[in-house]
Structures are given as C-alpha cells and as structure tokens.
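Give me a 3D structure for the following:
(one chain, ligands or ions: 1)
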Amino acid sequence: MFVNPYTFVPLPERVKRDLPRGHLSLTDGGLSGWFDVVWRFDSDYLLPQDGTPPGETGAVLEIRGSTVKGAVRAVHEVLVDGCLRVFDDDALPVHRETAVQHSAWALAVVSEIDQVTGAVTAVQDCDAVVWIEMAQVHRVVGPDALRSGGRLRLLAGLPPGPATLSPADPTLTEKDRGGRVRLRGDVELAMDPDGEEWVFHVSDGHARRKDRPYYVAAGRRSQRVRQVEPGAWEVFRRESRGSGDGPAKQTSVTSHGTPVDPTHPSWPYADVEFRKQSVGRRRCADGWLGVGDTVWVSRGSGPVRRLKLAMLWRAQGSHPAARRVGASDEEVDKGPSSSPLPCVDPEWLCPTCAVFGSADTGGKRRKAEQRSYGAHVRFGALRSVDPDEREAEVAVTSTEVPLPPLGTPRPSSGMFYLSHAGINVD
Ligand SMILES: [Zn+2]
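All right, here's what the predicted structure looks like:
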C-alpha cells in the first residue's frame, strides 16, 4: 500500500469526469454491502509517540479507518485514472543550482530598500570581481573582521612598490577553468588609502570542494546604480525559503527603523568555516537584505532581474505543479476538465471522487458555496487479529527501532519517476 503511487507510476493522460450517481436511492441497479478485509503488514508499522511502551504486552492495535481510506483511494486513483485529490497546483519547486556561468553575474551592494516592505529596490554593482584565496585575504583582514559587505581600499603590494589592483593585469590575476578571475597566489595585498575600494562577499563553505582552496569574492566598487525589478525581489524571497537560516522577520532595519548594515550589531550573520578554519562571517540567508549587504545580481545595464546570495544558489522552477501535470491555465482558473487536477465540481467528478467523495479544498469557491460530494464507501477501524484464527483479536507488542531521517518529498525531481509518459510533454 502506497501513500503516493506517483513516485513510480505515470500520471493519467486524461481523466474522464461525469455526473456521479448521487446518494438518494439504490435504484438503477445500485447495490449496497460490505467486505471484511484482512490486511497484512508487509513492513513495520510505526506507532504514535504515545503508543504502547516497547517490550510490554500492549493492547489490541487499532488503526482508524480514515487512515486506510486515504491509501486505498490513492491506489484506486491509479487503477481508474482518477484525479490527484491532495495536490498543490501552485507549488513552484526550488532546486539547488548545479552549474553557473560566472561571467553572467556581478557582485553588487544593496543601496536602497523599500522602508515599508523591506524589498531591495536598487543596488550599486561592482565593475569587476576578483576571487582571492582565503589566506591572502586574511593577511589584510583577519577572520574575526572579514565579513560580507566589508570594504577596504586595496593595492597589490608587489615589489618594487604597491600597484593598483587591476583585474585586467596578467601579472596580478589569472582566469580559472570556470571563467573566474583569480588573484595570483604570489600577489600580496596591502591596505592603502590610495587604493580603490573593494567589497568582500563571504558565502557558506559547505557546498565547496574540500580539495580546493576557499576563495573569497571581492568586487571593485562603482557608483553605478541599478534598479531592481519587483519580480526579482519576489523570486529571491521564494528561493530563500528553503534555506536553513530562515525565514525570519524583517532584519534589514531595527524595530526603530534604523538601517542594519554589515557593521551594525544586529546584522544577522553566520560564521563560515572551511576545512575547520574560520573564514569570516556571511550574511544569513533569512530572506532579507539591508543597505550595504552584498548580493550577486544578473550582469547587464538595465534593471536587475535576479538576486542571489551565492554563485551556486537556488533556482525556482519555471512551471508550477499544475503545468507539470498538464493542466491548462483555464483549468487552473475554473477547475479541471480532463487534467488530473483535483475535482472541484460535485456534478463533474472523476471515477475516484465519485466513489470516495470530493471536497473543494482550493479555496476558490464563491460565497461559501457547498462544493463537496459525500463518499459512497466507509472504512471501519482495523484491529489486530490472530493470523490463523481471524475472528480472534490479539494484543501486539512493539519494539524500538532507530528511524532513518525523513526528507521532504521532491515530486519535481526527475529520478522520482520510472516512466515519464504523459508528463511534461512540452
Ligand atoms: Zn476527482
């Protein structure tokens, strides 16, 4: 018995809906009756926390009929091409990025936020980015002081005398295979009031390869201001949601409205370590950014279309779940016709809803209109019985086992499915 059979069976290509027969009578050849069913557990059954203590002779195991009904309904859906009763058609999956074009991104400093909503409305993007090995950075700014958004005037301290840190100078920098401009390992940095202003960006070290050095991104400050599209901020908020740091209440200003920049005592940060060494502090990915915070922005001259906190970050999928199961915009709006979206109209039900019942849970109904259809089947409680003498109820004894951690189901993940027939045909 499976709670979600769509992990290994394809979705129905077409759901046929019709007027259900109703509950008025058993005319037209209708039948009524019941089955006694013996269920056998194929795997261990997880008892609730307040179940029988392990090892003690317990009571007769009783499982509510509604628990079984949901699972039987799922199997019925698969067998007769019913709708997906429990389904969030708006869900837009967010995935971890696997590859990135470094040249498409610029480091930027947040220069303006909306005082009411906290949305980032403008940034100043850096005109160059140089990746500097952690040890080289630590010679001018130690791990205690290094943080995202920290600014320094820097020169390349080359003999015979310090020179401007120019990213285009081949004696100072080189390009790596990923297209990043890196400071050469033999170049020493020097803090100098005559140098240009650079801003550092520190990000989480967990996802980085442990056999390579940690490089800190440094951006050369420019005064160029770019507006941020409102849509870019919304997507950033959505993509931040899966982060372990958040979501948090507004952190870009204090409760008194004072801006929280990277030097403010309330700046939300996390310590970054790499190979057991302290790197510095990164800004928490709590879904907010304050003036002075660093962020990666899509490179270009027009308004910023995307914001992210790390080069390899998260990316929102472009098709909501409804589109992934083949529903048209009209079906999302008005209710399904032939797609597997959950039935909403009690006079237009799939074969599974016509038997197991239907409830409009989408919240789209007008004026609390009643849009449910009662089930034709009821499941009584399951009680544990003797395997040989099925009339005799017996008590069960439980044992304690360590449970593997449960992850979040990822229905949008390709390897979830053995067959892709009928899915994502476009
Ligand atoms: Zn249905």
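
hey, let's count contacts and neighbours off CA atoms from now on
Will do.

Okay, now the unreliable bits of the chain?
Low-confidence regions of the chain, defined by pLDDT under 70, span residues 1-5, 7, 48-57, 361-370, 405-426.

In it, which helix is the longest?
As assigned by DSSP state H, the longest helix anywhere in the chain is helix 65-80.

Any residue of that one touching the ion?
No - applying CA under 5 Å from the ion, one finds helix 65-80 separated from the ion by no less than 8.3 Å.

can you list contacts of whichever helix or strand comes after that helix?
Where DSSP states H and E defines the elements, the next helix or strand beyond helix 65-80 is strand 94-96. Strand 94-96 has contacts (CA atoms under 8 Å, 6 or more residues apart in numbering) with 239, 242, 312-317.

Now do the buried residues in the longest helix of the chain.
Buried residues in helix 65-80, counted by 16 or more other CA atoms under 10 Å: 68-78.

count of neighbours near Ala381?
Using other CA atoms under 10 Å, the number of residues around Ala381 comes to 13.

From what I see, Pro247 and Arg238 are in contact.
No - Pro247 is beyond contact range of Arg238, at 9.9 Å (criterion: CA atoms under 8 Å).

Overlap of the contact sets of those two?
Overlap of the contact sets of Pro247 and Arg238 (by CA under 8 Å, 6+ apart) consists of Gly287.

Give me the subset of the contacts of strand 94-96 that lies in strands.
314-316 (DSSP state E).

dump the residue contacts of the residue lying farthest from the centre of the chain.
Residue farthest from the centre of the chain, counting by CA atoms, centre = their mean, is Pro160 at 51.7 Å. Contacts for Pro160 (CA under 8 Å, 6+ apart) come out as none.

tell me which element it is part of?
Counting by DSSP H and E, no helix or strand carries Pro160.

what's the spacing between it and Asp186?
Pro160 sits 14 Å away from Asp186, taking CA to CA, to the nearest Å as the criterion.

now swap in Glu13 and tell me
Glu13 sits 62 Å away from Asp186, going by CA to CA.

which of these two has more neighbours?
Neighbours per residue (other CA under 10 Å) separate Glu13 from Asp186, with Glu13 holding more: 15 against 10.

Looks like the more buried one contacts Ser339 (just checking).
Yes - assessed by CA under 8 Å, Glu13 is found in contact with Ser339 at 7.5 Å.

Could you list the alpha-carbon positions for the longest helix of the chain in CSV?
Provided in CSV are the C-alpha atoms of helix 65-80 (Å, rounded to 0.1, in the frame of the first residue of the first chain):
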residue,chain,number,x,y,z
GLY,A,65,-10.5,3.6,9.0
SER,A,66,-9.8,7.1,7.6
THR,A,67,-6.0,6.3,7.5
VAL,A,68,-6.7,3.3,5.3
LYS,A,69,-9.2,5.1,3.2
GLY,A,70,-6.6,7.6,2.0
ALA,A,71,-4.2,4.9,0.9
VAL,A,72,-6.9,2.8,-0.8
ARG,A,73,-8.1,5.9,-2.5
ALA,A,74,-4.6,6.5,-3.9
VAL,A,75,-4.5,3.0,-5.3
HIS,A,76,-8.0,3.5,-6.8
GLU,A,77,-6.9,6.7,-8.5
VAL,A,78,-4.0,4.9,-10.2
LEU,A,79,-6.2,2.0,-11.3
VAL,A,80,-9.0,4.0,-12.8
